[in-house]
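Student: Sequence first, predicted coordinates after that:
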Amino acid sequence: MAASVKIFRAKQKYICDIDKGPYSTFERKYFADRFQVPFSPSGKLPEPFPQNTLPTMRSVCALSLIQPSRVDDYMTALFERFWIHLEPVSQPKVFGKVLAEVLGSVDEAKQVLRKMGEAEAKDLLKTNTDEAFRSGSFGAPWFEAVNDKGERHGFGGISHLGLMCEFLGLDRGADRAFRSLL
């Protein structure tokens, strides 16, 4: 038994180290089609991929401190710029422009950009990151769900939405996309 575990671990490490691009592309397209989530018509990934989103995440935290009601709009706009228009949202010139569009004001966007360099925004991002690790998150997307019994559980990846729906006791029967999930 010990030998088979060692072999499995060796194979598992090898599998994790190989290029998963073709499968990731298939999975991304499959779930995007199934749930009608828009992605770039070309099917290409944004360049570079992955990106260092630390500055972008700080801008989200700064916005949440200044205008929390606009965070969802900002996240939606960042998603669109990154996954549909393939723009590098990790770059301040890109996320700064997105902020100005979402807020409808260059001056308000500059206020957020200043705030993201302050300790309060940096501390909020650190707190959020620590909380993600405490909840068991190992990447994105990560969903933390609480069911009717008050039980909390995390789910990693879009391919686990079915498990999350089951955990939450949601009826998946009426929706073809959700019905297809395990």
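Tutor: Perfect, thanks for sending it.
Student: domain ranges for this structure?
Tutor: 2-35, 54-134, 142-179 (automatic domain parsing).
Student: Make CSV out of those and add mean pLDDT and distance to residue 48.
Tutor: Just so you know, the C-beta spots here come from the backbone N, C-alpha and C atoms, and that holds for glycine as well. Formatted as CSV, the domains of the chain follow (pLDDT from 0 to 100; distance: least, C-beta to C-beta, whole Å):
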stretch, mean pLDDT, distance to residue 48
domain 2-35, 55, 14
domain 54-134, 95, 7
domain 142-179, 82, 22
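Student: Among the ones you listed, which comes closest to residue 42?
Tutor: Residue 42 lies closest to domain 54-134 among these, at 7.7 Å (C-beta to C-beta).
Student: returning to what we had before: so can I have TSV of the domains of the chain showing mean neighbour count and distance to residue 47?
Tutor: Formatted as TSV, the domains of the chain follow (neighbours: other C-beta atoms under 10 Å; distance: least, C-beta to C-beta, whole Å):
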stretch	mean neighbour count	distance to residue 47
domain 2-35	11	14
domain 54-134	16	7
domain 142-179	14	22
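Student: Next, format the ones you listed as a markdown table and append distance to residue 41.
Tutor: Formatted as a markdown table, these follow (distance: least, C-beta to C-beta, whole Å):
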| stretch | distance to residue 41 |
| --- | --- |
| domain 2-35 | 11 |
| domain 54-134 | 8 |
| domain 142-179 | 20 |
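Student: backbone phi and psi for residue 90, please?
Tutor: phi -80, psi -10 (degrees, to the nearest 10).
Student: what's the answer for residue 149, then?
Tutor: phi -80, psi 0.
Student: let's number from 295 now, not from 1
Tutor: All set: I'll call the first residue 295, so the last point we hit is now residue 443.
Student: now it: how far from residue 365?
Tutor: Going from residue 443 to residue 365 by C-beta to C-beta, to the nearest Å gives 29 Å.
Student: go on, residue 328?
Tutor: Counting by C-beta to C-beta - residue 328 and residue 365 are separated by 26 Å.
Student: Please apply the same query to residue 380.
Tutor: Separation of residue 380 from residue 365 (C-beta to C-beta) stands at 23 Å.
Student: next one: residue 342
Tutor: 25 Å.
Student: ok, now residue 393?
Tutor: Counting by C-beta to C-beta, the gap from residue 393 to residue 365 is 11 Å.
Student: With residue 382 instead?
Tutor: Using C-beta to C-beta, residue 382 is found at 21 Å from residue 365.
Student: Ok, residue 398 next?
Tutor: 15 Å.
Student: which element is residue 437 on?
Tutor: strand 436-440 (DSSP states H and E).
Student: Partner strands of that strand and their direction?
Tutor: Applying DSSP bridges, strand 436-440 is found paired with strand 446-450 (antiparallel).
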